[in-house]
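*Asks:* Pasting the sequence and the predicted coordinates here, then a few questions.
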Amino acid sequence: MEIALFAVAAAGGLWLAIVDAKTGRLPNSLMLPLYIAILGLTASMAITEFAPARYGWALIGGVALSLFYLLLGLGGGVGLGDVKLAGILGFYLAWYGWSAPIAATLLAYALAAPQALYVIIKRRRNPEIPKGVPFGPYMVAGALIVAGFALVTA
């Protein structure tokens, strides 16, 4: 069932990443179905694996990562769409343990760094270039890499 969960997270995450890369937005109309699917599949896994505590820890992981991104958002570092995406990715990744959301977040920033540096350099020459970098694709990439690694090594 974890492979089905990964497939749902990958399909929904990739869709969101494409939309964010093109528009700079993570629309609620795409985010809500992903929330429902991941929460539902994970609840099914918790029931079939007799692991309600694991589900509870996943919920706490989602809230924790969302709050972390909210703090970043208050400083202007990320948008509110990223905060909402962090909640579902944190929930999904915390199913694999506390290190998974942390590793995915660090990986997302490492993956985004080259584009962010490029934008900073280009803005010095032309301040009219938008300074934002769509972060959703990097969040999804980091999450899928970490979750894929967790699936392979489990």
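*Replies:* Structure's in. What do you need?
*Asks:* Helix, strand, or coil at the closest residue to residue 90 other than its chain neighbours?
*Replies:* Once flanking residues are discounted, residue 90 sits nearest to residue 65: 2.7 Å by C-beta to C-beta, 6 or more residues apart in numbering. Heads up, the C-betas are built off the backbone N, CA and C, glycines and all. With DSSP: H, G, I helix; E, B strand; the rest coil as the basis, residue 65 sits in helix.
*Asks:* from what I can see residue 65 touches residue 86, true?
*Replies:* Yes. Between residue 65 and residue 86 a contact is recorded at 4.7 Å, counting by C-beta atoms under 8 Å.
*Asks:* can you list residues touching both of these two?
*Replies:* Residues touching both residue 65 and residue 86 (C-beta atoms under 8 Å, 6 or more residues apart in numbering) are residue 105.
*Asks:* out of these two, which sits in the busier spot?
*Replies:* Between residue 65 and residue 86, counting by other C-beta atoms under 10 Å, residue 86 is the more crowded of the two (31 against 27).
*Asks:* which stretch of helix or strand covers the more buried one?
*Replies:* helix 80-94 (DSSP states H and E).
*Asks:* Send me that helix as CSV with only the CA atoms.
*Replies:* Extracted C-alpha coordinates of helix 80-94, given in CSV (Å, rounded to 0.1, in the frame of the first residue of the first chain):
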residue,chain,number,x,y,z
LEU,A,80,1.3,30.5,1.7
GLY,A,81,0.9,27.8,-1.0
ASP,A,82,4.2,26.5,0.1
VAL,A,83,3.0,26.5,3.7
LYS,A,84,0.0,24.4,2.7
LEU,A,85,2.1,22.1,0.6
ALA,A,86,4.5,21.6,3.5
GLY,A,87,1.6,20.4,5.7
ILE,A,88,0.7,17.5,3.4
LEU,A,89,4.3,16.7,2.5
GLY,A,90,5.3,16.8,6.2
PHE,A,91,2.4,14.4,7.0
TYR,A,92,3.3,12.0,4.2
LEU,A,93,7.0,12.0,5.1
ALA,A,94,6.6,11.8,8.9
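*Asks:* Check which helices and strands that helix is in contact with.
*Replies:* helix 2-23, helix 28-48, helix 52-74, helix 99-125, helix 136-153 (3 or more C-beta pairs under 8 Å, 6 or more residues apart in numbering; DSSP states H and E).
*Asks:* same thing but at 6 Å, please
*Replies:* Applying 3 or more C-beta pairs under 6 Å, 6 or more residues apart in numbering; DSSP states H and E, one finds that helix 80-94 contacts helix 28-48, helix 52-74, helix 99-125, helix 136-153.
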